[in-house]
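J.: Need the 3D shape of this:
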Amino acid sequence: MTPILIALLVLIGLAVVVALVVVGKYNGLVTLRNRFKNAYAQIDVQLKRRYDLIPNLVETAKGYIKHERETLEAVTKARNIAYAASQTAAANPGDASAVKNLISAESGLAGTLSRLMMVSEQYPDLKANQNMMQLTEELTSTENKISFARQAYNDSVMVYNTAREVFPDNLVANMFNFAAAELFVVDKPEQKDAPKVSFS
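T.: Numbers count the residues shown, from 1 in each chain. Alright, predicted model coming up:
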């Protein structure tokens, strides 16, 4: 064999190896992206369940807390905003801005639901209502399921984001526009504030 033919075969061999590496890295990133999208779908199922429970909760409470109309309207409005945001995020869980909007809407909904629960504590008849107790229990159970689904989603996002940032995957990720995914972290101010202790 001539030296030119040997050099040509070596170059072709290198090109094949590089192509196989790029294809492997691309397929790995696609797999990780699909995994976090599937994890988001699990959150979406639980969010829809919660969105379906909220109108029933509001209707049950409406008969007892007629003087708290603003609170009930705020819950309904926050639910509708969160539902719309979840529809947008569900259409493309890889869209960081859609997930950020959902996180913001979920924070607002959590705040209004918390206010509704605090108000309902002031009405013993409402607290004792069987339907209200059942809805509250279902809502609590759904919140727990959302937390678990959110944790699984965040774990998948972290693996995906790490994979797209490490070398040589980052070259493939940039070449094929694999965008960073957004973690789903709902801020709850009451969890961040340090408890205030007073001995006076």
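
J.: can we go C-alpha only for contacts and neighbour counts from here?
T.: OK.

J.: Report the rounded mean pLDDT for the one helix or strand residue 140 maps to.
T.: Taking DSSP states H and E as the definition, one finds residue 140 inside helix 130-165. For helix 130-165, mean pLDDT rounds to 92.

J.: I'd like to know which elements it is packed against.
T.: If you count contacts as 3 or more C-alpha pairs under 8 Å, 6 or more residues apart in numbering; DSSP states H and E, helix 130-165 packs onto helix 3-62, helix 169-175.

J.: list the buried ones in the shortest one?
T.: Spelled out, that is helix 169-175. Of all the residues in helix 169-175, those buried under the rule 16 or more other C-alpha atoms under 10 Å are 169, 170, 171, 172, 173.

J.: distance of the third one from residue 27?
T.: From residue 171 across to residue 27, the span is 14 Å (C-alpha to C-alpha, to the nearest Å).

J.: Equivalent analysis for residue 156, please.
T.: 16 Å.

J.: Same question for residue 15.
T.: Noted for residue 15: a distance of 18 Å to residue 27, by C-alpha to C-alpha.

J.: Same check on residue 120?
T.: Counting by C-alpha to C-alpha, the gap from residue 120 to residue 27 is 52 Å.

J.: and what of residue 162?
T.: Residue 162 is 15 Å from residue 27, where distance means C-alpha to C-alpha.

J.: for residue 109, same thing?
T.: Counting by C-alpha to C-alpha, the gap from residue 109 to residue 27 is 38 Å.

J.: which of the two has more neighbours?
T.: residue 109 (22 against 12; other C-alpha atoms under 10 Å).
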